[in-house]
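# with the input below, show me the fold.
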Amino acid sequence: MARMSMIEALRSAMDVALERDPGVIVFGEDVGYFGGVFRCTAGLQSKYGEERVFDTPINESAIVGLAVGMAAQGMKPCVEIQFADYVFPAYDQITQEAARLRHRSNGQFTCPMVVRMPTGGGIFGGQTHSQSPEALFTHVAGLKVVIPATPYDAKGLLIAAIEDPDPVIFLEPKRIYNGPFYGDHSGKSVSWATHPAGEVPEEHYSVPLGKASVVREGADVTVLTYGTMVYVTEAAVKEAGVDAEIIDLRSLLPLDLETIRRSVEKTGRCVVVHEATRTSGFGAELIAEVQEACFWHLRSPIQRIAGWDAPYPHAQEWDYFPSTERIARALTKAMED
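Modelled structure (predicted):
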């Protein structure tokens, strides 16, 4: 075991995958010589050469299009889009080619590729470096969508994604690349070096896709969340003084509905928390699933905390970012039978 940040854990995952499988290829904007804008691929090009880890032009459509062609021929590309905000030029390739290949070919071809991208706000990135577009991918049949919240999960999930036979959208919450964030932007930074989830095996292992993690057991209310919001929710639970069960979904597609169902049936209450825009966000799907599976067990209306229906602001970032206060109020309201 070694102490790793999420950045180091992701790099270790790609290192392990490149070493074990000659079909794994890593490429994207600045991932080679420079090692990525967040340094997630630092040192991989010098170790594996320019044919397996290489830079591309600033052309997201071409990056993903190249990956689809490679995957169709049996390779396993793991590509990086520099920020999730920039994935939209590649949306056609992802949704119309990668997601459809298995079905269009009646199983003759698959598309074993991973699209990595930093997501979310909290770093003063403004409108064009802070978006959370996960719901635009969970709506597409044929894709898998993953968002880790710890270094341990980041490495295990990325290895599982690279080894998966179908395309995986791998969203990395950049606010917690270097440590958990508990919602207080003016407070002291916390490093993964002092967090239990910063302990990461150096060797190969995987975390199965489609399996949620119960990060805090509780009896009063279930909180469904993922990414950075896992830690903001932990702080809000302490603030509210509620015995909440916190579930880190980890995979949005496939969704671990069984873990969700068991928890909501136990607590009888549910709060959904995500950073992305509220309207048509993934929280709406979670609420629908809970209503269908657990309606007769619910003791109060499901509460939802999300980003506002507005472009991510720069000057008022912390008014947009879901706060511990907003989550604590939702927890308190959920407790009102």
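# which secondary element of this structure has the worst mean pLDDT?
helix 317-320 (a mean of 88; mean pLDDT, DSSP states H and E).
# next secondary structure after that one?
Once the chain leaves helix 317-320, the next helix or strand it forms, by DSSP states H and E, is helix 324-334.
# how about the least confident helix or strand of the chain: buried residues?
Of all the residues in helix 317-320, those buried under the rule 16 or more other C-beta atoms under 10 Å are 317, 320. Using the backbone N, CA and C atoms, a C-beta is placed for each residue, glycine as well.
# what of stretch 64-74?
64-68, 70-72.
# same question for stretch 31-48.
31-32, 35-41, 44-45, 48.
# and the chain, what are its domains?
2-200, 213-334 (automatic domain parsing).
# wait, which of those domains is closest to Val207?
Comparing the domains of the chain by their distance to Val207 (C-beta to C-beta), the top pick is domain 2-200, with 3.1 Å.
# do a quick rundown of the strands in the stretch 1-150 of the chain.
2-3, 24-28, 53-55, 76-80, 114-119, 144-146 (DSSP state E, counting those that start in this stretch).
# reformat the ones you listed as a markdown table; add mean neighbour count and distance to Val272.
Formatted as a markdown table, these follow (neighbours: other C-beta atoms under 10 Å; distance: least, C-beta to C-beta, whole Å):
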| stretch | mean neighbour count | distance to Val272 |
| --- | --- | --- |
| strand 2-3 | 13 | 32 |
| strand 24-28 | 24 | 32 |
| strand 53-55 | 19 | 38 |
| strand 76-80 | 25 | 29 |
| strand 114-119 | 26 | 18 |
| strand 144-146 | 25 | 16 |
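# need those strands in TSV (columns: mean pLDDT).
Shown next, in TSV, are those (pLDDT from 0 to 100):
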stretch	mean pLDDT
strand 2-3	94
strand 24-28	98
strand 53-55	98
strand 76-80	98
strand 114-119	98
strand 144-146	98
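# and of those, who's closest to Phe321?
strand 114-119 (13.5 Å).
# each with direction, which strands does the closest one pair with?
In the sheet, strand 114-119 lines up against strand 76-80 (parallel), strand 168-173 (parallel) (DSSP bridges).
# hmm, back to that, filter the buried residues of stretch 31-48 down to the ones in helices?
Using DSSP state H, the members of the buried residues of stretch 31-48 that fall in helices are 44-45, 48.
# hmm, back to that, what lies in contact with the least confident helix or strand of the chain?
Defining contact as C-beta atoms under 8 Å, 6 or more residues apart in numbering, one finds that helix 317-320 is touched by 121-122, 124, 130, 185, 307-308, 310, 312-313.
# output the longest helix belonging to this protein.
helix 6-20.
# and that one, what does it pack onto?
Judged by 3 or more C-beta pairs under 8 Å, 6 or more residues apart in numbering; DSSP states H and E, the packing partners of helix 6-20 are strand 24-28, helix 44-48, strand 76-80, helix 151-163, strand 199-200.
# adding distance to Lys211, write the ones you listed out as a markdown table.
Below are those laid out as a markdown table (distance: least, C-beta to C-beta, whole Å):
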| stretch | distance to Lys211 |
| --- | --- |
| strand 24-28 | 23 |
| helix 44-48 | 28 |
| strand 76-80 | 21 |
| helix 151-163 | 10 |
| strand 199-200 | 18 |
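# between these, which one is closest to Ser5.
It's helix 151-163; of the helices and strands packed on helix 6-20, that one is closest to Ser5 (C-beta to C-beta) at 6.2 Å.
# can you name the next helix or strand after the strand ranked longest in the chain?
Taking DSSP state E as the criterion, the chain has its longest strand at strand 270-277. Using DSSP H and E, the next helix or strand after strand 270-277 towards the C-terminus is helix 282-294.
# and the angle from that following helix to strand 270-277?
Put simply, helix 282-294 runs at 160 degrees to strand 270-277, going by axes from the mean of the first three to the mean of the last three C-alpha atoms, to 10 degrees.
# ok so, going back, of the buried residues of stretch 31-48, just say which sits nearest to Ala197.
Using C-beta to C-beta, these come closest to Ala197 at Cys40, 17.7 Å.
# check the gap between that closest one and Leu10 for me.
5 Å (C-beta to C-beta, to the nearest Å).
# mutual contacts of these two, please.
Shared contacts of Cys40 and Leu10, counting by C-beta under 8 Å, 6+ apart, come down to 116, 172.
# among the helices and strands packed on helix 6-20, which is nearest Met1?
The nearest among those, by C-beta to C-beta, is strand 199-200 at 4.9 Å.
# do me a favour and average the pLDDT over that closest one.
For strand 199-200, the mean per-residue pLDDT is 96.
# strand partners of it, parallel vs antiparallel please.
Strand 199-200 has these strand partners (DSSP bridges): strand 2-3 (antiparallel).
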